[in-house]
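> no FASTA, just this:
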Ligand SMILES: Nc1nc2c(ncn2[C@@H]2O[C@H](COP(=O)(O)OP(=O)(O)OP(=O)(O)O)[C@@H](O)[C@H]2O)c(=O)[nH]1
Ligand SMILES: C[S@@+](CC[C@H](N)C(=O)[O-])C[C@H]1O[C@@H](n2cnc3c(N)ncnc32)[C@H](O)[C@@H]1O
Ligand code: SF4
Ligand code: SF4
């Protein structure tokens, strides 16, 4: 079954956030004190998250990305993932993580059926990493990446949010990682998660990132696979791995958008930058799966053509990336 929105885009990818809590405090994602603590009952149970996932697959979703906050901090995540992995019709179960808990959990995640990991890593320098994450230890993420490898995961996609004057001096170092290793590094344009003044000064446009890499290396475009995300991918000629840019602000990949989102409190979002969410909780009160499927279809039906943000203005309400899941 194909799920098509009102602009003719095929929607086959659900980003499902399982928590808004996190063991880091990245400056671009949440305030120093962390997210406001939600009452226990506000977070959907695993049973309800599972029902949403199953309903989404029934109407045409083929890929589910588990995100957060940090998904691995939620207790009971491994058995939940195993249940999701077993949903008939789901082609890909993948997860985005900051990597801190992978040394303990990578093997269990693999056995549960997670197919691939995207790991966020914004600096290869311990002091810069600490400054960005406020509390993080770089070595733990590097150990996490090694643990994922040892557990048999395919080489990870490493997500680096590039911020001018903060870590943009490391773009070439990250690009070089792909020469000998078959990993993928994606450079993400910094997006305004809050209504900060002057956020544009932090965003380094994808074009500039590519120009900087091209100054030293020859880049060849790489084809995207089915159910792929918004990254535009390249390979340094002869390199083992690939690199990509996610031009969340400057580039308009909205024309190829294939996704919807559900937060850990049950708010469905048709676009990352939609100001409104659609509360799925009333639709979870009945056991009739069709009602939930119709609610999800409604989200797809109101999906906007594109976000209204540009490099010169940010017309959206302040929101927390950790609540939405990126
Ligand atoms: N503007 C925008 N940014 C997105 C969208 N999807 C993901 N991103 C951003 O892309 C970055 C990487 O996201 P990931 O969680 O790794 O997911 P992905 O890029 O879809 O991953 P793949 O499915 O592996 O390609 C994060 O900063 C996200 O916020 C989107 O639909 N719109
Ligand atoms: C919200 S996090 C959730 C998953 C996990 N905690 C992690 O960091 O990978 C998902 C992705 O969103 C990205 N992200 C968060 N805030 C962002 C911002 N303001 N601009 C661009 N990307 C952002 C993160 O770097 C991460 O790759
Ligand atoms: S980007 Fe991920 S790791 Fe960093 S604070 Fe947000 S949720 Fe946590
Ligand atoms: S900004 Fe909205 S429409 Fe554009 S790619 Fe992201 S989710 Fe899709």
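Cool, the structure landed. No experiment lies behind these values; they were computed from the predicted model shown. Ligands and ions are numbered 1, 2, ... in the order given.
> could you confirm residue 159 falls within a strand?
Yes - per DSSP: H, G, I helix; E, B strand; the rest coil, residue 159 lies within a strand segment.
> please state the backbone phi and psi of the residue lying closest to it once chain neighbours are set aside?
The shortest distance from residue 159 to any non-neighbouring residue, by Cβ to Cβ, 6 or more residues apart in numbering, is to residue 120 (4.6 Å). C-betas here are computed from N, CA, C, even on glycine. Taking degrees, to the nearest 10, you get phi -80, psi 130 for the backbone angles of residue 120.
> who touches residue 120 in this structure?
By Cβ atoms under 8 Å, 6 or more residues apart in numbering, the contact set of residue 120 is 26, 96, 97, 98, 99, 158, 159, 160, 161.
> tabulate those residues in a markdown table, adding columns for neighbour count, distance to residue 218 and pLDDT.
Listed next are the contacts of residue 120 as a markdown table, based on neighbours: other Cβ atoms under 10 Å; distance: Cβ to Cβ, whole Å; pLDDT from 0 to 100:
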| residue | neighbour count | distance to residue 218 | pLDDT |
| --- | --- | --- | --- |
| 26 | 19 | 33 | 95 |
| 96 | 23 | 30 | 98 |
| 97 | 27 | 32 | 98 |
| 98 | 27 | 32 | 98 |
| 99 | 28 | 30 | 98 |
| 158 | 25 | 21 | 98 |
| 159 | 22 | 24 | 98 |
| 160 | 25 | 21 | 98 |
| 161 | 28 | 26 | 97 |
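> show me the subset of the residues you listed that also lies near ligand 2.
96, 97, 98, 159, 161 (Cβ under 6 Å from any ligand atom).
> just give the closest residue to residue 76, not the sequence neighbours.
residue 46 (6.2 Å).
> the one you found contacts residue 80, doesn't it?
Yes - if you go by Cβ atoms under 8 Å, residue 46 and residue 80 touch, sitting 4.5 Å apart.
> common neighbours of the two, please.
With Cβ under 8 Å, 6+ apart as the test, residue 46 and residue 80 both reach residue 18.
> what's around residue 287, how many residues?
By other Cβ atoms under 10 Å, 8 other residues sit near residue 287.
> hang on, it in a strand?
No - under three-state DSSP, residue 287 sits outside any strand and is assigned coil.
> tell me how far the residue of the stretch 151-300 of the chain found nearest ligand 1 lies from residue 258.
Nearest to ligand 1, among the residues of the stretch 151-300 of the chain, is residue 229, at 2.4 Å (Cβ to the nearest ligand atom). Going from residue 229 to residue 258 by Cβ to Cβ, to the nearest Å gives 8 Å.
> what does the nearest residue to residue 259 once chain neighbours are set aside show for phi and psi?
Spatial nearest neighbour of residue 259, chain neighbours left out: residue 13 (4.1 Å); criterion: Cβ to Cβ, 6+ apart. When quoted as degrees, to the nearest 10, the phi and psi of residue 13 stand at phi -130, psi 120.
> run the contact check for stretch 29-36 versus ligand 1.
No - counting by Cβ under 6 Å from any ligand atom, ligand 1 is not contacted by stretch 29-36; separation bottoms out at 9.1 Å.
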